[in-house]
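Trainee: the sequence and its predicted three-dimensional model are supplied below.
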Amino acid sequence: MLCHEGIDIGVILVIEQEDALFLNYLAFLPLHQSKGLGTEILNKLLEQAIFRRIPIKLSVMRVNPAKALYELLGFRVVGGDENRFLMEWRNAADSGNP
């Protein structure tokens, strides 16, 4: 459960793997959407990945507008199917990219 100022605002499920973090589920109650809380949560997850020097992976429905947020934060589409995109974030310092 995600809480903000003592109030339940959503749910997150991150599966910690040895070589990656997998963001399995992230959702906010409608009242708490579009307030920057998703960005805040994702930035904390990025910090964990940087510290551990591992990528973050996720799967998102093709119709989900959250894909734009993931791309804004540096996630890239690395696969998928007709319904979902498989996305991945890697720290540029660890992947050898400028």
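Mentor: That came in fine, so what should we check first? These figures come from a predicted structure and were not determined experimentally.

Trainee: shaky segments in this structure?
Mentor: Counting by pLDDT under 70, the chain contains low-confidence ranges at 94-98.

Trainee: biggest strand in it by residues?
Mentor: The residue-count maximum for a strand in the chain (DSSP state E) belongs to strand 7-16.

Trainee: list the buried residues for that one?
Mentor: Of the residues in strand 7-16, those buried by neighbour count under the rule 16 or more other CB atoms under 10 Å are 9, 10, 12, 14. Where C-beta positions appear, they are placed from N, C-alpha and C, glycine not excepted.

Trainee: where's the last one relative to residue 22, distance?
Mentor: I take that to be residue 14. Here the criterion is CB to CB, to the nearest Å. By it, residue 14 lies 7 Å from residue 22.

Trainee: ok, of the buried residues of strand 7-16, which one's closest to residue 38?
Mentor: Checking the buried residues of strand 7-16 against residue 38 with CB to CB, the nearest one is residue 10 at 8.3 Å.

Trainee: if we can go back for a sec, now for the longest strand of the chain, which elements pack on it?
Mentor: Of the remaining helices and strands, those touching strand 7-16 by 3 or more CB pairs under 8 Å, 6 or more residues apart in numbering; DSSP states H and E are strand 2-4, strand 21-28, helix 37-52.

Trainee: of these, which is nearest residue 59?
Mentor: Scanning the helices and strands packed on strand 7-16 with CB to CB as the criterion, the closest one proves to be strand 21-28, at 8.2 Å.
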